[in-house]
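S.K.: Provided below are the primary sequence and the corresponding predicted coordinates.
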Amino acid sequence: MSDALVIIPTYNEKENIESIIRATFNQEKEFHILIVDDSSPDGTSEIVETLILKFPNQLFLEKRVSKSGLGTAYIHGFKWAIKKKYDYIIEMDADFSHNPKDLIRLYNACKKDGGDVSVGSRYVNNQVNVVNWNMKRLLLSYFASKYVRLITRVPLFDTTAGFVCWKREVLETIQLDKIKFIGYAFQIEMKFKAWKHGFNVKEVSVIFTDRTLGTSKMSGNIITEALFGVIKMKLKGLPK
């Protein structure tokens, strides 16, 4: 039994899913994987079901009936992980933008180095570690993180990062059913609440590489949610 679970939300990731699963299982430490698939019409979940036969005690699948947003997929996965008593729960994308080789670094930042949350950061000390993004998208992401830090005062360089390791205690403390955002701002809200609760949030420098296969899920509505949502979040603070 591994103490660490990697949650990978998917929608139409047939080009990447088998490779990312095998790459994760190929690390020196044993990680378990939970795929949360939003009924991908391209057959992503069918590929996972076939792989479960090869990795029956390491790979798990939760299928949801519709595409309901990244945040709700992770919350579904978090609740599943808490119920199964995993000590460390890691968010990771399916498209190799997050390198599975960095999983152990995020894990150790919590397990050995005292972090309650570790964030795979693209912008530690304002150094940009992003590959294959166009300048518009890079600037949007970089200054969005700066904007969030300015508004919320969260002491992180990469507030919008989606490569994150959580101790189970943090997820048990945060009221997951009261998370407001489901898109880009979900990552911001989770970090903000962890920090407001007094948990130690550490950043681990990673290189983010844009996907080469499949289609990006980024949209204008997601960015709008992030930009305007953080102001509401700051004003409301933590729920009672």
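M.R.: Structure received.
S.K.: Low-confidence stretches in the chain?
M.R.: Residues of the chain meeting the criterion pLDDT under 70: 129, 132-139, 211-229, 233-240.
S.K.: can you count the residues close to the closest residue to His98 other than its chain neighbours?
M.R.: Leaving aside its chain neighbours, His98 sits nearest to Phe163 (4.2 Å; criterion: Cβ to Cβ, 6 or more residues apart in numbering). For every residue, glycine as well, the C-beta is placed using N, CA and C. The number of residues packed near Phe163 is 24, by other Cβ atoms under 10 Å.
S.K.: what about Phe163, distance to Lys178?
M.R.: 24 Å (Cβ to Cβ, to the nearest Å).
S.K.: And for Arg22?
M.R.: Noted for Arg22: a distance of 37 Å to Lys178, by Cβ to Cβ.
S.K.: And for Gln58?
M.R.: Using Cβ to Cβ, Gln58 is found at 32 Å from Lys178.
S.K.: didn't the residue nearest to His98 look like it was pressed against Pro100?
M.R.: No. Here Phe163 lies out of contact with Pro100, judged by Cβ atoms under 8 Å, at a distance of 10.4 Å.
S.K.: any shared contact partners between the two?
M.R.: Counting by Cβ atoms under 8 Å, 6 or more residues apart in numbering, the contacts common to Phe163 and Pro100 are Met92.
S.K.: show me what contacts the residue nearest to His98?
M.R.: Counting by Cβ under 8 Å, 6+ apart, Phe163 has contacts 90-93, 98, 102, 106, 119-120, 206, 208.
S.K.: taking those residues one by one, which sit in helices?
M.R.: The helices, defined by DSSP state H, take in Leu106 from the contacts of Phe163.
S.K.: In CSV, list the contacts of Phe163 along with neighbour count.
M.R.: What follows is the contacts of Phe163, written out as CSV (neighbours: other Cβ atoms under 10 Å):
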residue, neighbour count
Ile90, 26
Glu91, 26
Met92, 26
Asp93, 19
His98, 26
Asp102, 19
Leu106, 28
Val119, 29
Gly120, 28
Val206, 22
Phe208, 25
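S.K.: From the contacts of Phe163, pick the one nearest Lys193.
M.R.: Ranked by distance to Lys193 (Cβ to Cβ), the contacts of Phe163 are led by Val119 at 13.8 Å.
S.K.: So the closest one versus Asn200, what's the distance?
M.R.: Distance, Val119 to Asn200, by Cβ to Cβ: 11 Å.
S.K.: Identify the contacts common to these two.
M.R.: Taking Cβ under 8 Å, 6+ apart as the contact rule, Val119 and Asn200 touch no residue in common.
S.K.: which residues are contacting stretch 32-40?
M.R.: 2, 4-14, 17, 21, 24-25, 44-45, 48, 58-68, 73-74, 76-77, 80-81, 86.
S.K.: Narrow those to just the buried residues.
M.R.: By neighbour count, with 16 or more other Cβ atoms under 10 Å, the contacts of stretch 32-40 hold 4-14, 17, 21, 24-25, 44-45, 48, 58-62, 64, 67, 73-74, 76-77, 80-81, 86 as buried.
S.K.: Which ones among those residues map onto strands?
M.R.: Using DSSP state E, the members of these that fall within strands are 4-10, 59-62.
S.K.: Switch those residues over to a markdown table; also include distance to Glu169.
M.R.: Formatted as a markdown table, these follow (distance: Cβ to Cβ, whole Å):
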| residue | distance to Glu169 |
| --- | --- |
| Ala4 | 14 |
| Leu5 | 15 |
| Val6 | 18 |
| Ile7 | 17 |
| Ile8 | 22 |
| Pro9 | 22 |
| Thr10 | 27 |
| Leu59 | 25 |
| Phe60 | 22 |
| Leu61 | 26 |
| Glu62 | 22 |
